[in-house]
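Undergrad: just need the structure, nothing else, for what follows:
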Amino acid sequence: MGIDKKVFIIAEAGVNHNGKIENAIEMISVAKESGADAIKFQTAVPELVMTVNAEKADYQIDLTEKTESQLEMVKKIHLPLKDYKILKEECELANIEFMSTPFDHESIKLLADLGLERFKIPSGEITNLPYLRHVGRLGKSVIMSSGMSDLKEIETALGVLEKAGTLRRQITVLHCNTEYPTPMEDVNLNAMLTMRDGLGVQVGYSDHTLGIEISIAAVALGATVIEKHFTLDRT
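TA: This is a model prediction of the structure:
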């Protein structure tokens, strides 16, 4: 990255709106005020991406009702698909880029129809070849997280995207640790450099640590994209 290139900052809202569009709209304003280039949500049809028997992650158990299933939890905190058009319009009014991670084919189509400039592929879909082909056929810029993946899996994903129609120069791979929050000793920013040098792609960092120090260090090492989660209320 040249010194004249601006790092692309994504304010990761995810599902921290708790399924309430008024919270999501407020988060757009907060993200804009923070100076972020984009705000990113998550788009999914819960019934298409998990079974009724899916178990919660440990951090989800700690933060939600103990008796509900993961599907019940996810259905409560996701917005209906029709709301994403509203959020995109609100982002346009606020002059901040609207992004959302799709988790299923229906969501990919919805976001493509809304005219997204770039698509974010989550760590969990990096080995989902039909999903990758669907995104790759769109020919849009792609940001792909790499949590729990090795270099061979990432290279395979890049090849699938390229074969489907997305150029490698359109793709940025984010180094990502899937533990929330990520302990400092597990950050390993050298992995970001290994991906850059070994795969010939732009790289960035999806920051799940509690502070901002690691994001700053990642930029110093050459990250072109930083993704950082935020919320309106930690309680």
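
Undergrad: from here on, just use CA atoms for contacts and neighbour counts.
TA: Fine.

Undergrad: confidence-wise, which helix or strand of this protein is lowest on average?
TA: Scoring the helices and strands of the chain by mean pLDDT, DSSP states H and E places helix 58-63 at the bottom, with a mean of 69.

Undergrad: what helices or strands is whichever helix or strand comes after that helix leaning on?
TA: Sequence-wise, the next helix or strand downstream of helix 58-63 (DSSP states H and E) is helix 70-77. Judged by 3 or more CA pairs under 8 Å, 6 or more residues apart in numbering; DSSP states H and E, the packing partners of helix 70-77 are helix 46-49.

Undergrad: show residues contacting the helix it packs on.
TA: For helix 46-49, contacts defined as CA atoms under 8 Å, 6 or more residues apart in numbering pick out Leu71, Val74, Lys75, Phe103, Asp104.

Undergrad: what sits against the third one?
TA: With contacts defined as CA under 8 Å, 6+ apart, the neighbours of Lys75 are Pro46.

Undergrad: what comes into contact with stretch 192-204?
TA: 151, 155, 168-169, 171-175, 205, 218-219, 221-226.

Undergrad: any idea how far apart the tips of stretch 193-212 sit?
TA: Stretch 193-212 stretches 19 Å from its first residue to its last (CA to CA, to the nearest Å).

Undergrad: show me how far it is from its chain's centre.
TA: For stretch 193-212, the separation from the chain centroid amounts to 13 Å (computed by CA atoms, centre = their mean, to the nearest Å).

Undergrad: list the buried ones in it?
TA: Within stretch 193-212, the residues that count as buried by 16 or more other CA atoms under 10 Å are 193, 195-196, 199, 201-209.

Undergrad: which ones among the residues you listed map onto strands?
TA: Gln202, Val203, Gly204, Tyr205, Ser206, Asp207 (DSSP state E).

Undergrad: so Ile226 is in which element?
TA: Going by DSSP H and E, Ile226 is part of strand 225-229.

Undergrad: that older thread, just the closest of the ones in strands among the buried residues of stretch 193-212 to Ala38, please.
TA: The shortest gap between Ala38 and any of those belongs to Ser206, at 13.8 Å (CA to CA).

Undergrad: can you tell me how far the residue sitting furthest away from the middle of the chain is from Lys56?
TA: Using CA atoms, centre = their mean, the residue of the chain lying farthest from its centre is Thr67. It sits 27.9 Å away. Distance, Thr67 to Lys56, by CA to CA: 11 Å.

Undergrad: what is the neighbour count of Pro183?
TA: As a burial measure, Pro183 scores 12 neighbours (other CA atoms under 10 Å).
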